[in-house]
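A.B. asks: kindly generate the corresponding structure for this input.
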Amino acid sequence: MKAHNKWLTAPLAAGLSAALLSGCGTEQGGGAGSGGGIRVGMSDEILATDPAAGYDPGSWLLFNNVFQSLLAFPKGGSAPEPEAADKCGFAAGSKVYTCTLRDGLTFSNGNPLTSKDVKFSFERALRIADPSGPAPLLSTIDSIETPDARTVVFRLKVPDATFPSKIASGAGSIVDHRDYPADALRTDGKATGSGPYKLDSISETEAAFSANGGYRGTAKPKNDGITLKLYGGDRAALSKALADGDVDVAYRGLSADDIAALEASDTTDDRGIEVTQGSSAEVQHLVFNMKDPVVGKLGVRKAIAHLVNREALVEGVYKSTATPLYSIVPAGIAGHNTAFFDTYGSPDKAKAKKALRDADITGKVKLTLWSTPSRYGPATDQELKAIADQLNASGLFEADVKSVAFDQYEKDIAAGKYGVYVKGWVPDYPDADNFTAPFFGEGNVLGNHYENATITGGILPKTAALADRAGTADEYGQLQDIVAEQVPVLPLWQGKQYAVARDDVTGLEWTLDASTVFRFWELKKG
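C.D. replies: Predicted coordinates for the structure are as follows:
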């Protein structure tokens, strides 16, 4: 894993509630167009149409709807199931993975999809190794064999039971070998896939998709097409678009204040607006630099763990649009426990003071909490200030907050300049491996200099080899307990997903789950 993984949380936007509740434009806009088309607005950009390059939420939204993967996550589920494949399975202790393709698969241009295209797609992503691409997720592939047109055999460097989940993500998108260069990115802005939708056009402000009549897979589209309106972080424009009826759905553009105001309003239903909540495995942590002269001391980290009031954070800052998180593996993911609550319980000043005194620390602990205002959402600075206030209220700390632009933030973390800083994580796939290996395995993306031989040399390799993911619970439980005891990170909250839509749009509940796959095909209007 590399640090470009989906480090972004707390959806962007503000002002939706004010626009929608103030009375402007709620009866305007009309339908979504002929043929059951639906207009979806979001604040993200689509940075890539080539699966070898994109690793941002907007790009993966495109990939998940235009391209097929061998496997896919079913709605509401976290275990991948066959999609372009008819069947897949492990052999040789999770080191050989074989898939048989469905019969009669074709790309949207009419070309047949065979095992040659599958092999080409994976080898191409690894060969290009774009810095903003998914190649790190495919790093365990050693070789790929295609004994016939429908059979693909992946030989892995090490046992990797999470491989099915990795290739069920956008990283597993299958492209037509005739339309994509083998060693370079496609540059014409087009996309040739075999998924439920075709990309008809794309610009900086809009992407148009139509149902792919030649699609063969598990999805059953309930609409004829989707028009995706892209607002590039312009929250006011997204707010106005929904209020004026220019979009039917607002997705990934909702702040905590917006959601809270809409849910509390007596007029929301009357105005034909519905708020849909879904599950999410999005998390946020405080990270401690283990080489820092202050928080490098275990007693200081334990004292902070005894003082941070997660309930107050999610209620006061996030208006209950998140839930308190007490371990590094979030709720809803197999292997989750509550190690930090079990170890530290509710906030307790006396226990925090004892942790400091046991470390021979008698004076106030001075520290700075580092934040970045844009990457993790508009409430991040407010959240860090609330944490500093909690620490200071104990009389044991003298904490302040500093916030810097994200580019500088990342450089300073890499240089070891920060003692305490915030990180958010949106998973690539809903498995405990994706909440542990990137943080504590080789190439730690946290940049906090934490190492633990039991985790890296024992637990992670063992869990990676277990094809029965339910059988990893004990090992992941041990890992979470170790982290709670040593506190290299402090889990803060787990997010919820929201979308706001006109009340004639249904199916949103099937697009908001821990897989982070926004399923165009589940949306229906009228």
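
A.B. asks: quick one: average pLDDT of stretch 217-227?
C.D. replies: For stretch 217-227, mean pLDDT rounds to 97.

A.B. asks: for it, what is the spacing between the initial and final residues?
C.D. replies: Between the opening and closing residues of stretch 217-227 lies a distance of 22 Å (CA to CA, to the nearest Å).

A.B. asks: let's have the chain start at 655 instead
C.D. replies: Noted, 655 is the first residue going forward, which turns the last one into stretch 871-881.

A.B. asks: low-confidence regions, the chain specifically.
C.D. replies: Along the chain, the parts satisfying pLDDT under 70 run over 655-690, 907-909, 919-925, 1028.

A.B. asks: spatially central residue in it, please.
C.D. replies: The chain has residue 1080 as the residue nearest its centroid, 2.4 Å off, counting by CA atoms, centre = their mean.

A.B. asks: just checking, it touches residue 711?
C.D. replies: Yes - with contacts defined as CB atoms under 8 Å, residue 1080 counts as touching residue 711 at a distance of 7.0 Å. Where you see a C-beta, it was placed from the backbone N, CA and C, and this is true even at glycine.

A.B. asks: any idea how far residue 763 is from the residue nearest to the centre of the chain?
C.D. replies: Counting by CB to CB, to the nearest Å, the gap between residue 1080 and residue 763 amounts to 32 Å.

A.B. asks: cool, and residue 940?
C.D. replies: Distance, residue 940 to residue 763, by CB to CB: 49 Å.

A.B. asks: so between the two, which is more surrounded?
C.D. replies: Neighbour comparison, residue 940 and residue 763: the larger count goes to residue 940, with 23 against 14 (by other CB atoms under 10 Å).

A.B. asks: how many neighbours does the closest residue to that one other than its chain neighbours have?
C.D. replies: Distance criterion CB to CB, 6 or more residues apart in numbering; nearest residue to residue 940, sequence neighbours excluded, is residue 1144 at 4.2 Å. The number of residues packed near residue 1144 is 24, by other CB under 10 Å.

A.B. asks: same check on residue 890?
C.D. replies: Taking other CB under 10 Å as the neighbour definition, residue 890 ends up with a count of 14.

A.B. asks: and the helix or strand where it lies, what does it pack onto?
C.D. replies: In this structure, residue 890 sits in helix 889-897 according to DSSP states H and E. Under the contact criterion of 3 or more CB pairs under 8 Å, 6 or more residues apart in numbering; DSSP states H and E, helix 889-897 touches helix 670-675, strand 692-696, strand 903-905.

A.B. asks: measure how far that helix is from the centre of its chain, please.
C.D. replies: Its chain's C-alpha centre and that of helix 889-897 lie 24 Å apart, by CA atoms, centre = their mean, to the nearest Å.

A.B. asks: hey, C-alpha coordinates of it in CSV?
C.D. replies: Only the C-alpha atoms of helix 889-897 are listed here, as CSV (Å, rounded to 0.1, in the frame of the first residue of the first chain):
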residue,chain,number,x,y,z
ARG,A,889,-20.6,23.3,-2.3
ALA,A,890,-22.8,26.3,-2.9
ALA,A,891,-23.3,25.2,-6.5
LEU,A,892,-24.3,21.7,-5.5
SER,A,893,-26.6,23.1,-2.9
LYS,A,894,-28.3,25.3,-5.4
ALA,A,895,-28.6,22.5,-8.0
LEU,A,896,-30.5,20.3,-5.6
ALA,A,897,-32.7,23.1,-4.4
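
A.B. asks: residue boundaries of the helices in the stretch 1055-1180 of the chain?
C.D. replies: In the stretch 1055-1180 of the chain, the segments counted as helices under DSSP state H, counting those that start in this stretch are 1060-1068, 1091-1094, 1107-1108, 1114-1118, 1127-1140.

A.B. asks: of the ones you listed, which is nearest residue 817?
C.D. replies: Of all the helices of the stretch 1055-1180 of the chain, helix 1114-1118 sits nearest to residue 817, with 9.1 Å by CB to CB.

A.B. asks: quick one: contacts of the closest one?
C.D. replies: Residues outside helix 1114-1118 that contact it (CB atoms under 8 Å, 6 or more residues apart in numbering): 748, 812-816, 1086-1087, 1090-1091, 1094-1095, 1126, 1129-1130, 1133.

A.B. asks: let's see 6 Å
C.D. replies: Surrounding helix 1114-1118, the residues in contact under the criterion CB atoms under 6 Å, 6 or more residues apart in numbering are 813-814, 1091, 1095, 1126, 1129.

A.B. asks: try stretch 930-949
C.D. replies: For stretch 930-949, contacts defined as CB under 6 Å, 6+ apart pick out 663, 950, 954-955, 979, 984, 986-987, 1021, 1073-1075, 1077-1081, 1084, 1100, 1102-1104, 1142-1153, 1162-1163, 1166-1168.
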